[in-house]
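Undergrad: Only the shape, not the letters, is given here:
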């Protein structure tokens with residue numbers, strides 16, 4: 001069994017993640033091992049991305065905001081049993097930075113998403 005090695009002090013999390021990956025492992029597995037509850041990929045995106053959950057979230061509210069605080073997208077799932085959720089709400093938006101807020105039964109999570117033009 002592979003021993004979990006934490007990031008070194010001051011080491012950027014992405015540098016740590018790449019340094020610990022092996023060919024057979026996926027991004028989702030490494031993020032679960034690092035104790036993250038949610039993860040958004042790909043980032044940057046050209047519009048469509050997935051939110052990956054460590055555990056099925058049950059009830060979830062997804063909101064996407066512009067940097068000005070304008071609500072771009074909102075969807076409410078009463079009982080979501082999956083671990084991946086595909087979101088295409090940024091397909092019709094301009095290039096820029098967006099904030100994705102996930103409200104679940106286990107907490108509120110915020111992700112920054114960079115939207116690039118095609």
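TA: Sure thing, it's come through. The shown structure was predicted, so the numbers you read here are calculated from the model rather than taken from an experiment. Numbers count the residues shown, from 1 in each chain.
Undergrad: list the buried ones in stretch 93-104?
TA: By neighbour count with 16 or more other C-beta atoms under 10 Å, stretch 93-104 contains the buried residues 98, 100, 102, 104. The way it works is simple: take the backbone N, C-alpha and C, and place the C-beta from them, glycine included.
Undergrad: And stretch 58-70, by the same measure?
TA: Quick answer for stretch 58-70 (16+ other C-beta under 10 Å): 60, 62-65.
Undergrad: taking the mean pLDDT, what do you get for it?
TA: The average pLDDT within stretch 58-70 is 90.
Undergrad: Please identify which of the buried residues of stretch 93-104 is nearest to residue 85.
TA: When the buried residues of stretch 93-104 are compared for distance to residue 85 (C-beta to C-beta), residue 102 comes out closest, at 9.1 Å.
Undergrad: Just the endpoints, please. Distance across stretch 49-68?
TA: For stretch 49-68, the separation between the terminal residues is 21 Å (C-alpha to C-alpha, to the nearest Å).
Undergrad: for the chain, which spans come out with low pLDDT?
TA: Scanning the chain for pLDDT under 70 picks out the ranges 1-7, 12-36.
Undergrad: at 50 what do you get?
TA: Counting by pLDDT under 50, the chain contains low-confidence ranges at 1, 23-25, 28-35.
Undergrad: gap between the most centrally placed residue in it and residue 93?
TA: Taking C-alpha atoms, centre = their mean, the centroid of the chain lies closest to residue 40, which sits 1.9 Å from it. Here the distance between residue 40 and residue 93 works out to 15 Å (C-beta to C-beta, to the nearest Å).
Undergrad: Can you tell me the element residue 62 falls in?
TA: Under the criterion of DSSP states H and E, residue 62 resides in strand 58-66.
Undergrad: Who are the contact partners of residue 66?
TA: Remark: with contacts taken as C-beta atoms under 8 Å, 6 or more residues apart in numbering, residue 66 is in contact with 72, 93, 96, 98-99.
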